Structures are given as structure tokens and as C-alpha cells.
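*Asks:* Provided below for reference: sequence and predicted model.
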Amino acid sequence: MDMRVNRFRSEKTFQTGRGNGRYLLAWLCIAVLAITFPAFAKNTEGERNPVLCDSEDPGQCFPIDGMAEVQGLFQNMKFGRAIDGDSFTADYHSVDIWGVAAPVPSHPASLASKWFLETLLKEGALTCKPIKPGIDRSTVMHCFVDGLDVGSLIVQMGMAAATEDYYQHEQDVAKQQGRGIWKQEIGQ
């Protein structure tokens, strides 16, 4: 390999048999970006931005990404890890999901509940609205992933119980169908 000093810059350039190696460096940078930032490697053709619709007025919908600017309520967040079935870390903050209560660690469904939440939040666009301060420096938040209500999804699957009337219908259906934590209660 031939090494020369460039007269115009104080850098050294490396000559390869096929030129100066710039193509190799460009491909290496593209590969690193594709691995580091999966959004660059994804095909976004035909995808739509998630929207949030008001349950009172179904015609009133907002794109989730633009909602933070419009209302100043929602925050885009980067998921970290699930703590248990109803809390997680995002942007180095502890978040408790509003309106739900997951099984305690001694419950047989506790680990499944935690894994379900982790799987649910791992990939999508996470947006949350702070509701109130939680326990131990956490924040209680109403969260959405790809426009879907996280609390509603985990209650529907029987991975948590509703603590607010807002999710009561989802809990009733999960109980009736014996999903998740309600599995033992079928036939009672």
C-alpha cells in the first residue's frame, strides 16, 4: 500500500489498487448508518404517520408527530426498557402508564406482562402525555405507540387491570374471554 502526504491538507491518503479507497469509506459509512439508525434502512414508501383521534368526536384527529406542536401536550420519547408490566423507562425517565395496574412480581403472569409491554414499545413511535407525578420520581403518563393507546392494548390482552373507568370496557372483554391475568376466572 502506497502512502502519500497531500500537499493541500495535512492528511495522509492511502492508495489502493483501485483508486484511493473513498468508495470503500463511503460504503462503510452507509453500513454504519444503516445499522445505527434503522429508520434510514427502512422502506417508508406507502407508510402513513400515526394519528390520534378524539373518542368523543371521531372526526377530530391529529397526527401524533405534529400534536406536540399543536397542543403542547404530547412528547416523543425513546423507549429504554420495561420495568414491569405497567412502567418503563424512556429518555432516562421512569414512566408509569396511566389507568392500569399490572400484576405484582409474585403473580404468575407478572413476567409475561413485562415482556408484553417490552415487545409492544420496543419498535414503534412512542408518544406520551404527562398526567401527574408518580411514586419514586416517576411520571404517570398516557402513552401511545404508533397511534395506539398502550394502556388500552395491555388491558385488552389481560396483561393489566384497569384502574380508571376509561379502560373498563377493555377489562370486561378481557375477563369475559379469559385473557392473561383473567385466565383463572373463566367459569366463575
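*Replies:* On my side now, so go ahead. Residues are numbered from 1 along each chain as shown.
*Asks:* show the contacting residues for Cys134.
*Replies:* For residue 134 the amino acid is Gly, not Cys. Ser94, Val95, Asp96, Val140 (C-beta atoms under 8 Å, 6 or more residues apart in numbering). Placement of C-beta: from N, CA and C, glycine included.
*Asks:* and the closest residue to Arg81 other than its chain neighbours, how many neighbours?
*Replies:* The spatially closest residue to Arg81, leaving aside those adjacent along the chain, is Thr89, at 5.5 Å (C-beta to C-beta, 6 or more residues apart in numbering). Around Thr89 sit 16 other residues, with neighbours defined as other C-beta atoms under 10 Å.
*Asks:* do Met157 as well
*Replies:* Applying the criterion other C-beta under 10 Å, we find 17 residues in the vicinity of Met157.
*Asks:* ok, it to Gly134 distance?
*Replies:* 23 Å (C-beta to C-beta, to the nearest Å).
*Asks:* same check on Gln171?
*Replies:* With distances defined as C-beta to C-beta, the gap from Gln171 to Gly134 amounts to 21 Å.
*Asks:* ok, the residue nearest to Arg81 - contacts?
*Replies:* Applying C-beta under 8 Å, 6+ apart to Thr89 gives the contacts Phe79, Gly80, Arg81, Ile83, Val95.
*Asks:* list buried residues within those.
*Replies:* Neighbour counting with 16 or more other C-beta atoms under 10 Å marks Phe79, Ile83, Val95 as buried within the contacts of Thr89.
*Asks:* among these, which ones are in strands?
*Replies:* Of the positions in these, Phe79, Ile83, Val95 sit in strands, assigned by DSSP state E.
*Asks:* closest to Gly147 among those?
*Replies:* Phe79 (15.4 Å; C-beta to C-beta).
*Asks:* in this structure the closest one contacts Tyr92, no?
*Replies:* No. In terms of C-beta atoms under 8 Å, Phe79 does not count as a neighbour of Tyr92; the distance is 11.4 Å.
*Asks:* quick check, nearest of the ones in strands among the buried ones among the contacts of Thr89 to Lys114?
*Replies:* Looking at those and their distance to Lys114, the nearest is Ile83, at 7.7 Å (C-beta to C-beta).
*Asks:* quick one: pLDDT of the closest one?
*Replies:* The predicted local confidence for Ile83 comes out at a pLDDT of 94.
*Asks:* quick check: domain ranges of the protein?
*Replies:* Per the record, the chain has its domains at 2-41, 51-185, by automatic domain parsing.
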